[in-house]
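Student: 3D model of this:
(4 chains, ligands or ions: 6)
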Amino acid sequence: MKKLMNKPSGFVDEMLDGLVAANPSLALGGDTGRVVHRAKPIRSGKVGVVSGGGSGHLPLFTGYVGEGLLDSCSIGNVFEGPTVGSCMEAIKLADGGKGVLRLYGNYGGDRMNFDMAGEMLEDEGIRTTTVLGNDDVASAGPAERQKRRGVAGIIYAYKTAGALAETGADLDAVTAIAQKTVDRTRTIGVALAPCQVPGSDKPSFTLGENEIEMGMGIHGEPGIWRDTLREADAIADEMIERLLADKPEGAGKRVSILVNSLGATPLEELFILYRRARATLEAAGIEIVRPLVGHYATSMEMAGASISLCFVDDEIEALLAAPAHCPFWTVTA
Amino acid sequence: MKKLMNKPSGFVDEMLDGLVAANPSLALGGDTGRVVHRAKPIRSGKVGVVSGGGSGHLPLFTGYVGEGLLDSCSIGNVFEGPTVGSCMEAIKLADGGKGVLRLYGNYGGDRMNFDMAGEMLEDEGIRTTTVLGNDDVASAGPAERQKRRGVAGIIYAYKTAGALAETGADLDAVTAIAQKTVDRTRTIGVALAPCQVPGSDKPSFTLGENEIEMGMGIHGEPGIWRDTLREADAIADEMIERLLADKPEGAGKRVSILVNSLGATPLEELFILYRRARATLEAAGIEIVRPLVGHYATSMEMAGASISLCFVDDEIEALLAAPAHCPFWTVTA
Amino acid sequence: MSITVASIAAAVTRADKAMGGLEQILNDADAKLGDGDTGGMLARVIGKMAEVDLSSTADPGAALSQLAKAATVATGSSLGTLFATGLLAAGREAKGRATLDVGDLSSLFATARDAMIARGGASLGDKTVLDSLDAIAEALKGTETPEQATRDAAKAASEALETFRSQPNRIGRARMFGDQTIGIDDPGMLAIKELSAALVA
Amino acid sequence: MSITVASIAAAVTRADKAMGGLEQILNDADAKLGDGDTGGMLARVIGKMAEVDLSSTADPGAALSQLAKAATVATGSSLGTLFATGLLAAGREAKGRATLDVGDLSSLFATARDAMIARGGASLGDKTVLDSLDAIAEALKGTETPEQATRDAAKAASEALETFRSQPNRIGRARMFGDQTIGIDDPGMLAIKELSAALVA
Ligand SMILES: Nc1ncnc2c1ncn2[C@@H]1O[C@H](COP(=O)(O)OP(=O)(O)O)[C@@H](O)[C@H]1O
Ligand SMILES: Nc1ncnc2c1ncn2[C@@H]1O[C@H](COP(=O)(O)OP(=O)(O)O)[C@@H](O)[C@H]1O
Ligand SMILES: [Mg+2]
Ligand SMILES: [Mg+2]
Ligand SMILES: [Mg+2]
Ligand SMILES: [Mg+2]
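Tutor: Ligands and ions are numbered 1, 2, ... in the order given. Model prediction:
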């Protein structure tokens, strides 16, 4: 796989350099150089919202630092968790004296690092809470929901927690809305072609000439089935069906939907998927609010798409509509 | 190449369906069903700005319909010009009584269709002007600039013409700013891997395992050289060098830059390119204003990137800063 | 011998039928140099023209204009638009005349050719449909009967194709291939040859 | 026989040297089941630890804590963080004691092991570093001299690797491969085996 890059060892740092150079609202911080935070220091009295994860998923995770979204974000090497040190730095940079919500995807390594970072900061008197994104329905059954991985759907929790934090709400309230949003969000992905970690000599997985995998994880984790490519409508139908079969408790008749490219899949194909997903949802009596279609959480040049549904209630819907601005997502009043 | 689609013959119409369904600010119009226009009818007394082109380049062309940008856009099959009929319909939908600027890329077929559409509407009393995007420096030498193709850089002219039109300026003024913006914009692309037209049984071109092509057109038109992949910094240097060697008359020391993915190339790589391009420009004493990095003009799943420079003057810079909103580009005051 | 709205409609029907067997042949020819859509596009354009109801159309000029308009909604390709341009120009020339004479055909083809040159910016000799139309306009100069006209046109289009085969394409997508196009038929010229052959009674 | 800050520093230096030859071996082992970075990551972590200047550090407990902190900035991988967690816990247990005794080692390893279980959520028997540390803690119970300690530890780590080879991985990336992991060494366990062997005088 050809990549526009220099030495693989510089991939992440050069990418971060470019990201903050192109976006003056972002700054790169910490001794580790692996924390992206808002250029404007956090307002005293505001609850901080921090995330983190491996590189290779832009706009996730760093791209969501911005008004009404994240305050800071620690970032690891490609597909590797952020270091404990950078997690500590991210938390400190998001500390406005009212505590910090750690909001990140449910991966073992990331959990260890954020947990350890939190413990090591306890003596500095920073109160932290944790909410784990676990939207990927393909990664474990409904009975083991707490084992599921976090994927694209986490941006809904970024949005609601970020919006509530801007209002001056306290840490418990910000944590609660993030948890509620995660609890009401479901995602499933379908992979068409792999990506390759810079410096690696082979792709992260292999798929046959005409083969796809339903439910594959964003690092190539095994999914539900592998079979020949079929029509987009059939794929959309299965994805929506699987998401609705996993409807959260308290779900009403309104959802926000995110049709997301895993990287190489172009907007044209996303809109073809969206068209069918929307029709299927409407046929099921469900109304779509604030649809999102685009590149929101990728795995570099992986081909495929994911569909996320956030089963909103009035509170979530209002927070999704609140103004927000980061380099990759702008919501205007 | 695997695609998330249904029948190839439905690719464009289903894509357009999804596009307008996901974006309530857009509507699909005309008897041809191949015109995207603002959902809100054009304000009487406002000059209309219309564009058009083949499908397969999202967000181009239809995605730039929105406040402070385009009023309407005609769209053809993948990599084919829009029909004369749809061009006529797009012009009519952009007619607020003060004339319509036709602003599109310099391709023979598109020119014929827009020209013919304009002529056929003359008896309806709609005054039209034409500005052709011709930013691709690889497609002809500086002496034959009027022969150059239009590529990603046209969005700068969308922005300035769209912003000026919103102020109530007349057709001549809107045409003049579009022409000035085109005259001051230069682009070069580099291709890493091809895309495939839906329904075709082979990619639009072929490149060796480790081969790239500098200057290749967005439909695979031959470029300047074909050679082995090199480091991103070397590629960025050559691209910037070629753009600066073609500096327009009157260029000052301020440029806006657009680092654009041709489709499959992920944001990570764009930021690595941007980092170097910025350093090289600064070393040349040039200051960057309003940088853009992302998917702005693609060729479906083609891999590669383009760099555009818009050599701004005060007027252009102010118009780039004016508020604008379309599904893929938001500028806030 | 006069050319009527009915004979124009009959020619369109015939061309439309002929496209059934030609579509793939023309696509294949275009695939060698371009994007392989000449056949599909022409089938669409001529199909739309065949749908036009000319039964109440006053004169041949109006019929040509109506056919041109039908063509414009069906295609965004160069050839399709040029085709419509040529029809529109010929229709304008014929406008108001109740009937056309076979003797007018040469001039109508020349008018179409010139409008297409103006629209597309190509020149005679670039190995395009223009060269076929030019050859037809020339061949029809002395023609007196419709039968002779179709025969002469078909012969001229066939000869033009032969003549230009050994030259390179100088316009459109095919131009990118330069001298590689020598020995290969231009798909637009091939289309004119095959369609005019299909009109021979 | 007592364990001093100096002997801890010496062990780190030795491990750091050993990583030179081990990095590739461990990467290769990880590539079979995971992402092929165990060696690179450990080299980075132990390298950072070797850079720590322990010369003015008061006691072994403080030295272990300092090393743990150095480790946390160098890695985001599971094993690296677990490594730091274990060091931190052992450091906390030893805190304030001017010297440690060889007889304390078994308990320190057990403490590290338990902290790592708490942090990572894996269990003994899952075929991870935990099983190696558990075997070492067990083996060091009766040990009296540093020489005997390193020998016993190396032997225990080696035996644990042998024992678990025929079992499947139940944690981390390797878990995805299920029974395919039978017969393959866990890279973390292999690392402990090789590093403890390198510490044998
Ligand atoms: N500018 C032009 N002037 C005259 N004829 C042209 C021109 N461009 C293309 N053609 C004719 O059109 C044919 C190609 O038609 P078609 O495949 O429909 O176009 P496209 O290149 O848009 O796919 C060519 O073989 C040539 O004869
Ligand atoms: N949760 C865990 N508990 C205990 N040991 C673990 C755990 N996760 C991973 N390991 C150990 O770490 C090793 C892998 O380390 P490394 O390659 O650095 O991690 P990563 O999977 O993050 O790339 C495994 O061989 C295993 O021994
Ligand atoms: Mg063609
Ligand atoms: Mg074509
Ligand atoms: Mg690993
Ligand atoms: Mg790893």
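
Student: Flag the helix or strand of chain C with the lowest per-element mean pLDDT.
Tutor: Lowest by mean pLDDT, DSSP states H and E among the helices and strands of chain C is strand C:2-3, with a mean of 88.

Student: which other helices and strands contact that strand?
Tutor: Judged by 3 or more CB pairs under 8 Å, 6 or more residues apart in numbering or on different chains; DSSP states H and E, the packing partners of strand C:2-3 are strand C:100-101. Using the backbone N, CA and C atoms, a C-beta is placed for each residue, glycine as well.

Student: tell me which strands and helices the strand it packs on is in contact with?
Tutor: By 3+ CB pairs under 8 Å, 6+ apart, strand C:100-101 packs against strand C:2-3.

Student: ok, and what's touching the strand it packs on?
Tutor: C:60, C:99-102, C:104-105, C:146 (CB atoms under 8 Å, 6 or more residues apart in numbering or on different chains).

Student: Looking at these, spot the one nearest residue B:155.
Tutor: Of all the contacts of strand C:2-3, residue C:60 has the smallest distance to residue B:155: 46.6 Å, by CB to CB.

Student: burial count for that closest one?
Tutor: Residue C:60 has 26 neighbours, counted by other CB atoms under 10 Å in any protein chain shown.

Student: Make a ChimeraX selection of the buried ones in the contacts of strand C:2-3.
Tutor: Restricted to buried positions by 16 or more other CB atoms under 10 Å in any protein chain shown, the ChimeraX selection for the contacts of strand C:2-3 reads:
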select /C:60,100,102,104,105,146
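
Student: The helix or strand containing residue A:278 close to chain B?
Tutor: Residue A:278 belongs to helix A:267-283 when assigned by DSSP states H and E. Yes - counting by CB under 8 Å from any CB of the partner chain, chain B has neighbours in helix A:267-283: A:267-275, A:278.

Student: For the closest residue to ligand 1 within chain A, give me its contacts.
Tutor: Relative to ligand 1, the nearest point of chain A is residue A:268 (19.7 Å; CB to the nearest ligand atom). With contact taken as CB under 8 Å, 6+ apart, residue A:268 is in contact with B:11, B:15, B:55-56, B:58, B:300.

Student: For the helix or strand bottoming out on mean pLDDT in chain A, give me every contacting residue.
Tutor: Across the helices and strands of chain A, mean confidence by mean pLDDT, DSSP H and E is lowest for helix A:108-121: a mean of 93. Defining contact as CB under 8 Å, 6+ apart, one finds that helix A:108-121 is touched by A:52-54, A:80-85, A:87-88, A:90-92, A:102, A:104, A:128, A:130, A:132, D:72, D:76-78, D:81-82, D:84-85, D:119-121, D:171-172.

Student: Can you narrow those residues down to the ones near ligand 3?
Tutor: Filtering those for neighbours of ligand 3 using CB under 5 Å from the ion leaves an empty set.

Student: I'd like the list of those residues that fall within helices, please.
Tutor: With helices taken from DSSP state H, the overlap with those comprises A:84-85, A:87-88, A:90-92, D:72, D:78, D:81-82, D:84-85, D:119-120.

Student: Show me the residue of chain C that gets nearest to ligand 6, please.
Tutor: residue C:35 (45.4 Å; CB to the ion).

Student: Secondary structure class of that residue, three-state.
Tutor: Under DSSP: H, G, I helix; E, B strand; the rest coil, the three-state class of residue C:35 is coil.

Student: measure it to chain D for me?
Tutor: Between residue C:35 and chain D the computed distance is 42 Å (CB to the nearest CB, to the nearest Å).

Student: so that residue touches residue B:197, yeah?
Tutor: Yes - between residue C:35 and residue B:197 there is a contact at 7.4 Å, judged by CB atoms under 8 Å.

Student: Of those two, give the one with the bigger neighbour count.
Tutor: Using other CB under 10 Å, the more surrounded residue of residue C:35 and residue B:197 is residue B:197, with 26 against 20.

Student: which residues sit in contact with the spatially closest residue to the more buried one that is not a sequence neighbour?
Tutor: In this structure, residue B:197 finds its nearest non-sequential neighbour in residue B:78, 5.1 Å apart by CB to CB, 6 or more residues apart in numbering or on different chains. By CB under 8 Å, 6+ apart, the residues touching residue B:78 are B:11-12, B:54-56, B:197-198, B:300.

Student: Same question for residue A:298.
Tutor: A:56-60, A:260-263, B:266-267.

Student: Next, format those residues as CSV and append pLDDT, distance to residue B:43 and secondary structure.
Tutor: Output for the contacts of residue A:298, formatted as CSV (pLDDT from 0 to 100; distance: CB to CB, whole Å; DSSP: H, G, I helix; E, B strand; the rest coil):
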residue, pLDDT, distance to residue B:43, secondary structure
A:56, 98, 45, coil
A:57, 98, 42, coil
A:58, 98, 38, coil
A:59, 98, 34, coil
A:60, 98, 39, coil
A:260, 98, 35, strand
A:261, 98, 35, strand
A:262, 98, 40, coil
A:263, 98, 40, strand
B:266, 98, 39, coil
B:267, 98, 36, helix
